[in-house]
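J.: 3D, please:
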Amino acid sequence: MQRSENALMPRGRKWELLHSLWIGWTFTLGFFGWVAFVYIGLRTQHMRWVLWGLLYAAPFTLFLFVVGYVSQGWANQILNATALVGLVAIVHAFLVRKEYLLRLQLHQQETSNVSVTTRGRRWELKHSLWIILTFTLVLNWLAFIIIGIVVRRGRWVLWGLLYSLPFIISVFAPKTAGPANDLGDAMFPLIIVGGVASIVHAFLIREDYLMRLENRMQEAAETDARRRRRLEAEHRSKAVDAPQRDPEPLEPAASPAISSSPKKPDTQEKAATSLPNTRPTLAPVEAEAASSSKMNESLHRDSILDTYPLPIAFSWSLLASFWDPRDRYREQLRHAENMLAYLGSLSLALLKEQDYEETEVDLKVPWQGGISFGGWKEIVQRSAKVFRTYEAYKDHPLAADIRRLNIGSEKKGFGADVAALIRVRNDYHHGRGPTIEEEIVIASNEAQERLQRCMEALSFLTQYSIRLVQDFDVDRRSGGFLLKCLRLVGDGPGFSQEKVVFPEALPRGDLYLDLGNQSWVSLYPFVAASNCPFCRYRETYFVDRWNDRKGTALMKSFERGHTEERRDISDSLSALTGDRQEPKV
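T.: All right, here's what the predicted structure looks like:
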């Protein structure tokens, strides 16, 4: 199979070529090659490429500044340096092209049909038109002053004043003697540099501006609503107080004993019948929904807590302990992340070393800056495609089970539930989730139903136990090894101790997945167990972030979300990706 004939991405060659047109900017030989790197950096929110673009813009900027003040020889030297930097930018662009396409695909999957605010994409585009002013390179400062005043953000107003200085100096500063020393002409390169910087700056703060604007509009609407309710209450109080001041001469006179006796029971009866109606009806409805939900889950809950692997059984057990819908909803989304992180880690552990390239997933991309929910889904989906090519599924039963989940399908089954959970997780993470209690209860009930279906679809995981190797000994008669293990099944804290005869010794402290017939798969480095430095309990961890430059991997625990940095995990990941590095002390 020739890789030149195949597309790098599953979306096809046409999609790749369309999203590789930015490379054409680099063929301007240093003049506008920096635009390409600024563009891809902003498109994928990868600031390293933006910094590379600013670096490639330095020779061209220097040429604009000094072209009228140096000799022709020096100007030619700067032009030669600009062209040389342009050639380097061309090579650099082709080297990062594959990584850009991977990042772009992950970014598009996470942000597809997901808006920054709760008001929709059309509202966001309408209130992003101010960015057009930055492309004028002259009125760029006006855009920042406008948005700073609208959302009352003084920092942006100051940035606008800073961007306006070259324009103000070029227009209002007095001209010096001679046309060669015109101060206005000297400000022209600075206007271009400031204009380009303002464009980058505008796209970086766009989401922040939209969320601040939405909050301002919501606060204004709530203020108007409170003012309206206060005026209505005052109007009602005046209407009620007016009849009470009128005398009541038509009522017959009665003795205190006769007149007071019938009124007290009547008043108490009215109070008794009116008090329950003044309370919100959400509490009994929520209790009824919670009780019915518990009855529907009672048949599955005990089996999950006793038979499912520890990484997902523990967080599942926590869901029943939260009575507040906000806390429960947050924990449900964390369990969804654990569920997919465990499935993705298993997929990576099952892959053969020669199959990592076939998945076309650069492990540095999803883990750089912290892996996302969509990143785990992408790993499972791409690994499942490789599992399809395995010759005999009977030798890889777990790989076959993962493939049959069909996680890439977003129309039905497990894939549809995972896609919905990813969307609500992204909304919650960006502050677009439910806010009032009624909405949170509805969202929590819906998430619980989807999680229940997902856990039922993952019931095949009960067939494959996780074993933590604690120690080993040698059997004198058979010559084999006697492994002393903990079977990490259920939510704990007590796990069964086992002694397993195995043909080879295994590292102490490592986790292994038992596929049956003495076929064990090492989960290291994707899943590891260690004592948490915060809570002092033994927890299981997955890789959440990897900094290959510093040689550190940030591990996150399935149980409580605690984090720990591991250098040995980073070294193992570098070995898998082909980057052999010396261990760092």
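J.: partners of the residue nearest to C485 when sequence neighbours are not counted in the sheet?
T.: Nearest residue to C485 in three dimensions, chain neighbours excluded: R467, at 4.2 Å (CB to CB, 6 or more residues apart in numbering). C-beta coordinates here come from the backbone N, C-alpha and C atoms, glycine included. Per DSSP bridges, the residues bridged to R467 are R487, Y512.
J.: got it, and the one 5 residues further on?
T.: Beta-bridge partners for F472, by DSSP bridges, are L483.
J.: contacting residues for it?
T.: Shown in contact with F472 (CB atoms under 8 Å, 6 or more residues apart in numbering): 481-484, 502, 505-506, 508.
J.: how close does it get to I466?
T.: According to CB to CB, to the nearest Å, F472 and I466 sit 17 Å apart.
J.: What is the helix or strand harbouring F167 packed up against?
T.: Using DSSP states H and E, the element containing F167 is helix 154-172. If you count contacts as 3 or more CB pairs under 8 Å, 6 or more residues apart in numbering; DSSP states H and E, helix 154-172 packs onto helix 140-150, helix 183-186, helix 188-244.
J.: Low-confidence stretches in the chain?
T.: Along the chain, the parts satisfying pLDDT under 70 run over 1-11, 65-70, 108-118, 173-186, 238-302, 390-395, 578-585.
J.: just the strands in it please.
T.: For the chain, strands defined by DSSP state E occupy the ranges 466-474, 481-487, 496-502, 511-514, 520-522, 527-531, 538-547, 552-557, 563-566.
J.: Same list (those strands) but as CSV, adding distance to E124.
T.: As requested, the strands of the chain are exported to CSV (distance: least, CB to CB, whole Å):
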stretch, distance to E124
strand 466-474, 45
strand 481-487, 51
strand 496-502, 54
strand 511-514, 44
strand 520-522, 46
strand 527-531, 39
strand 538-547, 29
strand 552-557, 31
strand 563-566, 33
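J.: thinking again about what came up before, turn the helices and strands packed on helix 154-172 into CSV, including distance to V527 and mean neighbour count.
T.: CSV is the format used below for the helices and strands packed on helix 154-172 (distance: least, CB to CB, whole Å; neighbours: other CB atoms under 10 Å):
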stretch, distance to V527, mean neighbour count
helix 140-150, 45, 21
helix 183-186, 61, 14
helix 188-244, 34, 14
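J.: between those, which gets nearest to K412?
T.: Evaluated over these, closeness to K412 peaks at helix 188-244, with 32.6 Å, by CB to CB.
J.: tell me what the closest one is packed against?
T.: Helix 188-244 packs on helix 33-44, helix 58-66, helix 140-150, helix 154-172, going by 3+ CB pairs under 8 Å, 6+ apart.
J.: thinking again about what came up before, what angle do helix 188-244 and the helix holding F167 make with each other?
T.: For helix 154-172 against helix 188-244, the angle by axes from the mean of the first three to the mean of the last three CA atoms, to 10 degrees is 130 degrees.
J.: List of residues touching helix 154-172?
T.: With CB under 8 Å, 6+ apart, helix 154-172 has contacts from 138, 140-149, 183-185, 187-188, 190-191, 194-195, 197-198, 201, 205, 209.
J.: at 6 Å instead, please
T.: Contact with helix 154-172 is made by 138, 140-141, 144-145, 147-148, 184, 187, 190-191, 194, 198, as judged by CB atoms under 6 Å, 6 or more residues apart in numbering.
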